Structures are given as structure tokens and as C-alpha cells.
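Undergrad: predicted model follows, preceded by the sequence.
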Amino acid sequence: MSADRDAAWREWIEEARRVKVAAFCATRGIRLRPGDAGQPCPACGGRDRFAVNIRKNVWNCRVSGEKGDAIALARHMDGTDFVAACEEVTGRPPPGRDSSETAEARAEREARLVRLEEERIAEEARQMRVQADYREAERRRAWGFWARALPIGGTPAEAYLEKRRIRPHPTSRLRYAPEMELWNESKSCVARRGPALLAAIEGVDGRFTGVHVTWIDLGTEKGKAETIDPETGTPLPAKKVRGSIKGGSIRLVSAPGNAPRRWFLGEGIETVLSVYWALVEAGSPLVEGAEFRTGVDLDNLCGKAAGRVKHPTKTFTDARGRVRAVRVRDDAPVAPEGDWKVIYIPPSVEELILLGDGDSDPFTTRLGLLRGAKRFSREYPALTVKLAMSREGVDFSDMRMEAAAA
């Protein structure tokens, strides 16, 4: 390849790399949802597995584990090689096969790319304004739910916890809502209205940022409500968050004097309270000077991953019928990001114990906890971080219920 042609190839590839994911999606008729909300993957379907972060110019598919720029998306959608993907993204063939493009056509193509980029920037700014307004409105709505809720003592919310062989602590930030609405997936109707356990989410500065809701039906085995979306016929989650959880946590047991030396931090309310009461009943010294909190979900607890690894057993079939290994998030945290804060740990804390549930996928959960441990260690170098996993196939709440039954 001559030097001139080599330079032309590099220019062509760089042109492809400059094309924004959102712009490429627009050319393929893919309408992106606001923010980085999930939607069907253009390659492998689903409902909410595909998302595009416009600001970072990155897409990802949660099922396949693939992500990247516009070139990577073209390959993901079409199953083509790198060169064919660059051709699809730029809208023109590679150098040497492009004798038909006139100067006028090239100028028109480049002007189109500039126009798409300007439209992308304007849309990103609009979405950021909309998201900021939405987050604050959601926080205020969440505060309204919390402010109207009742003390938990003697309510179905307390009975729900007792059904799980646990009980609230006097310092737990938990309340009871007699008539909490659960909207369906499309937000077109209320699928359930009834009793719920509410938990206050606190941000870095202790400011209320949201509320975690668990709908209750004491007639079910574990007390969680089972609700079907009247539109789709699919089950709705019994737990939801209103407001923001990023960098926040729910206080379940405060240490005396509000200067804890040890933190237990888990994913769910039931998990953390199960561990607390098990330790209390065992007379464990670990309870002394300890605070118990939940990070609400695994993403908030462990943060984002820098890469992906192949799952040792899980596979999926792509749109072309190929069986491929599912790639899950690895144990390497991403560089610190302003939009995803690490959960705040007070300066008095010397030891952090991360609690992991084994009822989901233990391989993925352990990678998440390892990632979280590295993330906390990076943010708090003097902190000793340890991991504690429940038995495979169950969470700490299940283990407690088993022990009680025995």
C-alpha cells in the first residue's frame, strides 16, 4: 500500500470513529430514549437491554456484554467486519473503491455529518436540562411520600419484616405507607394500590435523595406483593425507587454516638437486617460500634465496571442464530466519575464489610463485590474492606428463615 493510500485509509477510519453513536442510530431509524434509559437492542431484541450514553458516545447491550462506538454498533447490528462497519458508518466505501465520489458529494456528506453532530449536541443539552428537572421533581415527590408515611410499629410493614424473621431497629429509617400506588410499566395505569414499606435514601451530605418502596402482601410466602401489569401480562417488581440512589444508602442500624468504627453494607434491607440480628443473637463482638446500611442495589454498591469477562456457563443466541458466551462486568472499577459517586463512608469507620447475596448469579455478584472493594479502597485508602457472601442459591434472609424454621 502506497503512503498516499495508507494516509487515505487512516483518514477514512478516523472519519468513521468521529461519527457519534446517536448520529449513526438516527441514520438507521433507531429512536433513542431520553438519558441512557434501556430499550430493545437493535441486534438481539429484548425490552431494555440496550442503552446509549450520548454524553460519553458509548452504547452497550447488557445481554451480549458488547459496547463501544458507532463502528462497534454497526458490527453488532450487522455481524460484519471492521472495514464493512466503517463503510456503513461513513456512508462511503474505503479508499481505492471510491472513484465515483465527487468533490461536491464529499462536501455534502461532510456537511451532513456536521449537521448531525450539531443536532446531537443540542439534543444532549436538552436532555440534560430535562433530566435535572426530572430528578429534582422526583426527589420532591419522594419526600412527599416519606413525609406522609407512618411510623412502622404495629403496621403491616413491621409484620412483613417479622415474616422474614427480622424486625426494625429503633434507628432504622423505615416507615409505612397504607396506600402506595404501583404504576404499570408504561405509566398508563395504577396496577396496585396498597400497603408498602418505605425506606429513606440519604446522600453524601445526609440529604434526603429518594425513597425505596417495597409493596406488601402478607398472604405470600415472603410477604412481597405479586403484581401483574394489566397491559402486558408480565410481573411487575415488588420494589422500586423514587428519586435518586446514586451514592446514597439507607440507614438500618446506627452506631451509638454516630461515630461507627465498622460498617456493614449490603444490597437489600432484608439482607442487612438478617445479618444484624443474626450477629446480635450470636453475641458477636462485630456488632459493637457497627453501623448497618444498604446500598439499595448492586450497581450503587459496586459501581461501574471497566470491562467485561465471559461467564463460565451462561450463553445466549444472537440474531443470526449463533450461540455466544454471555459477557458480564468484570471486577475492575472505572475511573472516578462525577455522575456516579462512591457511597460516603464516615471518617470514623476503619473497617467496611460488603455483604453479597448468593440467590442471583454468584459469579457475577462476587465480581461486583470485588469491584466495589477496589472502588472503596481507592476512595478511602485507610479503610480495610472485607467481603462476606451468603451460601450459593440463597441470600442472608433465606438463610435466616431456614434457621428459624429448623
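TA: Yep, that arrived. Residues are numbered from 1 along each chain as shown.
Undergrad: all contacts plus neighbour counts: C-alpha atoms, from now on.
TA: Will do.
Undergrad: what residue lies at the spatial centre of this protein?
TA: Against the mean C-alpha coordinate of the chain, by Cα atoms, centre = their mean, the closest residue is residue 299 at 4.6 Å.
Undergrad: SS state for it?
TA: helix (DSSP: H, G, I helix; E, B strand; the rest coil).
Undergrad: please begin residue numbering at 623 from this point
TA: Right, with 623 as the first residue, what we last looked at is residue 921.
Undergrad: next one: residue 804, what pLDDT does it get?
TA: For residue 804, the pLDDT comes out at 94.
Undergrad: who's in contact with it?
TA: Taking Cα atoms under 8 Å, 6 or more residues apart in numbering, we find residue 804 in contact with 812-815.
Undergrad: and it, that one's in a strand?
TA: Yes: under three-state DSSP, residue 804 falls within a strand.
Undergrad: can you pick the most crowded of the contacts of residue 804?
TA: Highest neighbour count within these: residue 814, with 19 neighbours (other Cα atoms under 10 Å).
Undergrad: how near is the residue nearest to it when sequence neighbours are not counted to residue 773?
TA: In space, and not counting its chain neighbours, residue 814 is closest to residue 804: 5.0 Å by Cα to Cα, 6 or more residues apart in numbering. Separation of residue 804 from residue 773 (Cα to Cα, to the nearest Å) stands at 21 Å.
Undergrad: same deal with residue 866?
TA: On the measure of Cα to Cα, residue 866 and residue 773 end up 23 Å apart.
Undergrad: ok, back up a step: for the contacts of residue 804, which one is nearest residue 789?
TA: Ranked by distance to residue 789 (Cα to Cα), these are led by residue 815 at 24.1 Å.
Undergrad: for residue 752, helix, strand, or coil?
TA: When classified by three-state DSSP, residue 752 comes out as helix.
Undergrad: got it, and residue 868?
TA: Secondary structure, three-state DSSP: residue 868 is coil.
Undergrad: burial measure for it, as a count.
TA: Using other Cα under 10 Å, residue 868 has 24 neighbouring residues.
Undergrad: for it, phi and psi?
TA: Main-chain dihedrals, residue 868, degrees, to the nearest 10: phi -60, psi 120.
Undergrad: correct me, but it touches residue 923?
TA: No: under the criterion of Cα atoms under 8 Å, residue 868 makes no contact with residue 923, lying 9.1 Å away.
Undergrad: report the set of residues contacting both of those two.
TA: Counting by Cα under 8 Å, 6+ apart, the common neighbours of residue 868 and residue 923 are residue 965.
Undergrad: quick one on the thing from earlier: where strands are concerned, which of the contacts of residue 804 count?
TA: Among the contacts of residue 804, the members falling in strands (DSSP state E) are 812-815.
Undergrad: next, the distance between the ends of stretch 875-891.
TA: Distance across stretch 875-891, first residue to last, is 11 Å (Cα to Cα).
Undergrad: got the buried residues for it?
TA: 875-877, 882-891 (16 or more other Cα atoms under 10 Å).
Undergrad: swap in stretch 848-862?
TA: Neighbour-count burial for stretch 848-862 flags 849, 851, 858-861 (criterion: 16+ other Cα under 10 Å).
Undergrad: alpha carbons of that stretch, in PDB - could you do that?
TA: C-alpha atoms of stretch 848-862 as PDB (Å, rounded to 0.1, in the frame of the first residue of the first chain):
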ATOM      1  CA  GLU A 848     -47.100 -10.100  43.400                       C
ATOM      2  CA  THR A 849     -48.500  -7.700  40.700                       C
ATOM      3  CA  ILE A 850     -49.200  -8.300  37.000                       C
ATOM      4  CA  ASP A 851     -49.000  -5.500  34.500                       C
ATOM      5  CA  PRO A 852     -52.600  -5.300  33.100                       C
ATOM      6  CA  GLU A 853     -51.300  -4.200  29.700                       C
ATOM      7  CA  THR A 854     -48.500  -6.700  29.100                       C
ATOM      8  CA  GLY A 855     -49.400  -9.500  31.500                       C
ATOM      9  CA  THR A 856     -45.900  -9.600  32.800                       C
ATOM     10  CA  PRO A 857     -44.900  -9.400  36.500                       C
ATOM     11  CA  LEU A 858     -44.000  -6.000  38.000                       C
ATOM     12  CA  PRO A 859     -41.300  -5.700  40.500                       C
ATOM     13  CA  ALA A 860     -42.300  -5.500  44.100                       C
ATOM     14  CA  LYS A 861     -39.600  -3.000  44.900                       C
ATOM     15  CA  LYS A 862     -38.900   0.400  43.300                       C
END
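Undergrad: is residue 747 part of a helix or strand, or is it coil?
TA: Three-state assignment for residue 747 (three-state DSSP): helix.
Undergrad: distance of it from residue 681?
TA: Distance check for residue 747 against residue 681: by Cα to Cα, it reads 18 Å.
Undergrad: same deal with residue 754?
TA: Taken as Cα to Cα, the span from residue 754 to residue 681 is 22 Å.
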